[in-house]
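Student: whatever this is, show me its structure:
(one chain, ligands or ions: 1)
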Amino acid sequence: HRHLLGIAGLTPFDIDLLLNRAERAVALSRQTDKKSSVLRGRTQINLFFEASTRTQSSFELAGKRLGADVMNMSVASSSVKKGETLIDTAMTLNAMRPDALVVRHASAGAVALLAQKVGCAVVNAGDGAHEHPTQALLDALTIRRAKGTIGGLTVAICGDVLHSRVARSNIILLNAMGAHVRVVAPSTLLPSGIGKMGVTPFHSMADGLKDADVVMMLRLQRERMAGASVPSVREYFRYFGLDAAKLKLAKPDALVMHPGPMNRGVEIASEVADGPQSMIQEQVEMGVAVRMGVLEALLDPRKNPEAGR
Ligand code: CP
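Tutor: Numbers count the residues shown, from 1 in each chain. Predicted coordinates:
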């Protein structure tokens, strides 16, 4: 694959290959000397039109650990502020001959559009409510390392599924790998076509968490909601927030996951986010490793004859 635009289109074989590559990157990242030279001489540009803590910094570290030159384009102080379009910005950066562009944008489909205009590998770092493929891959790696497998597990994805690219990418990946996927949310926070996505919807945490192996919480994206449909935080936490009492409904060894950033006391209580079943810090570590695996797969000419330009 020349680009990574989404999980849709990847086979279980592709996903396994990327996770295996990422597994090797975990080992490298745990060494004192974390540097490899497989991408020496390659240039990676991170172009984030939306805010990010985890994704941008882990893509930067991933490229640097593989020996690439990494540039973070500061959109806030760029000519985007003077009205330059997404495509003109991308074509300008493309003329500087990068080997990879890592792009986050608020509009679904914007990253795929950009990929048609440039001559380098493009990685989707999140496009609107569409996909966030490296998040789903890092979640899969976290689950696989903790449980040994993904197939056959029951995964409950809880909360604001409607606005979540993380949920979409995870649903596609987990289904492809043979997990049983549930979504747990009030009906106002589920997309209308959810029944066609191969998931079982639940409207109560008691039913949705029963016997779950993994409880994946989502951030309530209040900034994407209009006035009347914004739920009250207290009510939301009472019915759909994960606390120790609700977590007891899942299997005793269930993993607690959250992609971040968290709204503590809204969708998740601190006692659970910081508790013994929490995988949240592990997810961040796996984020660097998965992004190393993806960059290597797209850019290392020894492993991908199409890589480079
Ligand atoms: N999970 C995630 O994408 O976090 P950031 O928005 O901080 O990158």
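
Student: now the helix ranked longest in the chain: average pLDDT?
Tutor: The residue-count maximum for a helix in the chain (DSSP state H) belongs to helix 280-299. Across helix 280-299, the average pLDDT comes to 98.

Student: what helices and strands are in contact with it?
Tutor: Packed against helix 280-299, as judged by 3 or more Cβ pairs under 8 Å, 6 or more residues apart in numbering; DSSP states H and E, are the following elements: helix 12-29, helix 54-65, strand 100-105, strand 121-127, helix 133-147, strand 255-257. (Glycine included, C-beta is placed from N, CA and C.)

Student: tell me what angle the first one forms with helix 280-299.
Tutor: Read that as helix 12-29. 110 degrees (axes from the mean of the first three to the mean of the last three Cα atoms, to 10 degrees).

Student: which of the helices and strands packed on helix 280-299 sits closest to the ligand?
Tutor: When those are compared by Cβ to the nearest ligand atom, helix 54-65 sits nearest the ligand, at 3.2 Å.

Student: list the buried residues for the closest one?
Tutor: By 16 or more other Cβ atoms under 10 Å, the buried positions in helix 54-65 come out as 54, 55, 56, 58, 59, 60, 61, 62, 63, 64, 65.

Student: tell me the SS of residue 70?
Tutor: Using DSSP: H, G, I helix; E, B strand; the rest coil, the structure places residue 70 in strand.

Student: how much space between it and the ligand?
Tutor: Separation of residue 70 from the ligand (Cβ to the nearest ligand atom, to the nearest Å): 16 Å.

Student: can you report how many residues neighbour residue 107?
Tutor: 14 (other Cβ atoms under 10 Å).

Student: could I get the pLDDT score of it?
Tutor: In the predicted model, residue 107 carries a pLDDT score of 96.

Student: 462 is where my numbering starts, stick with that
Tutor: New numbering, starting at 462: the last item is residue 568.

Student: in a markdown table, list the buried residues of helix 515-526 along with pLDDT and distance to residue 653.
Tutor: Converted to a markdown table, the buried residues of helix 515-526 look like this (pLDDT from 0 to 100; distance: Cβ to Cβ, whole Å):
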| residue | pLDDT | distance to residue 653 |
| --- | --- | --- |
| 515 | 98 | 30 |
| 516 | 98 | 28 |
| 517 | 98 | 32 |
| 519 | 98 | 33 |
| 520 | 98 | 33 |
| 521 | 98 | 37 |
| 522 | 98 | 39 |
| 523 | 98 | 36 |
| 524 | 98 | 39 |
| 525 | 98 | 42 |
| 526 | 98 | 42 |
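
Student: between the residues you listed, which is closest to residue 585?
Tutor: residue 516 (10.3 Å; Cβ to Cβ).

Student: excluding its backbone neighbours, what's nearest the closest one?
Tutor: Nearest residue to residue 516, sequence neighbours excluded (Cβ to Cβ, 6 or more residues apart in numbering): residue 586, at 5.0 Å.

Student: residue 605 now?
Tutor: residue 611 (5.7 Å).

Student: restrict the buried residues of helix 515-526 to those near the ligand?
Tutor: Among the buried residues of helix 515-526, the ones lying near the ligand by Cβ under 6 Å from any ligand atom are 515, 516.

Student: quick revisit: what is the neighbour count of the residue nearest to residue 516?
Tutor: The tally of other residues near residue 586 (other Cβ under 10 Å) stands at 27.

Student: contact partners for it?
Tutor: For residue 586, the contacting residues are 507, 509, 513, 516, 517, 520, 563, 564, 565, 572, 593, 595, by Cβ atoms under 8 Å, 6 or more residues apart in numbering.

Student: need the contact list for the second one.
Tutor: Which is residue 509. For residue 509, the contacting residues are 516, 517, 533, 534, 536, 564, 565, 586, by Cβ under 8 Å, 6+ apart.

Student: so, low pLDDT: which residues of the stretch 562-711 of the chain?
Tutor: The stretch 562-711 of the chain contains residues with pLDDT under 70 at 688-691.

Student: any chance you could map the helices in it?
Tutor: 571-576, 594-608, 626-637, 666-670, 694-701, 705-708 (DSSP state H, counting those that start in this stretch).
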